[in-house]
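1. below are the sequence and a predicted model for it; my questions follow.
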Amino acid sequence: LKRVKYSLYTKPKNGKTIHGSKSMDSGISLDNGYKMDYPEMGLCLIINNKNFHKSTGMASRSGTDVDAANLREIFINLKYEVRNKNDLTREETVELMHNVSKEDHSKRSSFVCIILSHGDEGIIFGTNGPVDLKKLTSFFRGDYCRSLTGKPKLFIIQACRGTELDCGIETDSGIDDDMACHKIPVEADFLYAYSTAPGYYSWRNSKDGSWFIQSLCALLKQNAHKLEFMHILTRVNRKVATEFESFSIKHYFNNENFLN
């Protein structure tokens, strides 16, 4: 993210708390940071795909509604305008992202998009089939979405990224280092947070929601007003690795745990 530290909170300025600002504790001149004192925090778009067409062979994602509800509560508390969209086809997903990118974001400080769905490396599934993730995020490039140029754009993805199972030796990588910050100017200011490392499955519980989103919500609730977002993601990674069971025979056959 522009090689500066980004947080969801700053210290009071002139007696007024500014939510969503770049941390003033980062030691970096504010001239090099993000201007976060716009009238609105920004839009948080939550795409929650639970039920899929039979032709896809994809199972229903039990527990995902819990994730969507928890995320909505968290981001409303962070002063975002939250829009929940359920069970979108790939065509509807593309149309939605295109339309949102064409909105006037000039009074908004940032943009957050959260996708809860089935997936694989580089793709997420609409209810009727896959769509390239890069196609969805490209609508928000600086040369396409002018009113978000120079503003942080966060994409949080709860979906599988392959077919490998993490047996507990390696932790889930909240962010893919290769994609965390693009060097091309039109693709600057993007941050991608993934529920799992490239090539791996992502775990979800039918009652409590996904491990990644559970942890993200808990740590945002605890730390959004004092830690930078990257530090929160690091703690999310640790929490998922240490507080949830690693893959085991028991785990694999427990009917309350599913692959996304």
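-> That came through fine.

2. contact partners for Ala218?
-> Taking Cβ atoms under 8 Å, 6 or more residues apart in numbering, we find Ala218 in contact with Lys239. In short, each C-beta sits where N, CA and C put it, glycine included.

3. start the count at 9 instead of 1 going forward.
-> Sure, I'll start numbering at 9, so the last one becomes Ala226.

4. A helix includes it, no?
-> Yes - the assignment for Ala226 by DSSP: H, G, I helix; E, B strand; the rest coil puts it in a helix.

5. quick one: it and Lys161, what's the gap?
-> Distance of Ala226 to Lys161, computed by Cβ to Cβ, to the nearest Å: 24 Å.

6. so which residues of this protein form helices?
-> For the chain, the helices defined by DSSP state H cover 72-85, 98-109, 141-146, 219-231, 237-251, 257-261.

7. neighbours around Asp45, how many?
-> By the criterion of other Cβ atoms under 10 Å, Asp45 has 12 neighbours.

8. for it, give its distance to Leu53.
-> For Asp45, the distance to Leu53 equals 22 Å [Cβ to Cβ].

9. again with Ile84
-> For Ile84, the distance to Leu53 equals 13 Å [Cβ to Cβ].

10. ditto for Ala201
-> In this structure, Ala201 and Leu53 are 14 Å apart, going by Cβ to Cβ.

11. next: Asn245.
-> Applying Cβ to Cβ, the value for Asn245 to Leu53 is 24 Å.

12. over to Gly158?
-> Computed as Cβ to Cβ, the Gly158 to Leu53 distance reads 20 Å.

13. which of these two has more neighbours?
-> Neighbour tally, Gly158 and Leu53, criterion other Cβ under 10 Å: the higher count belongs to Leu53, 21 against 11.
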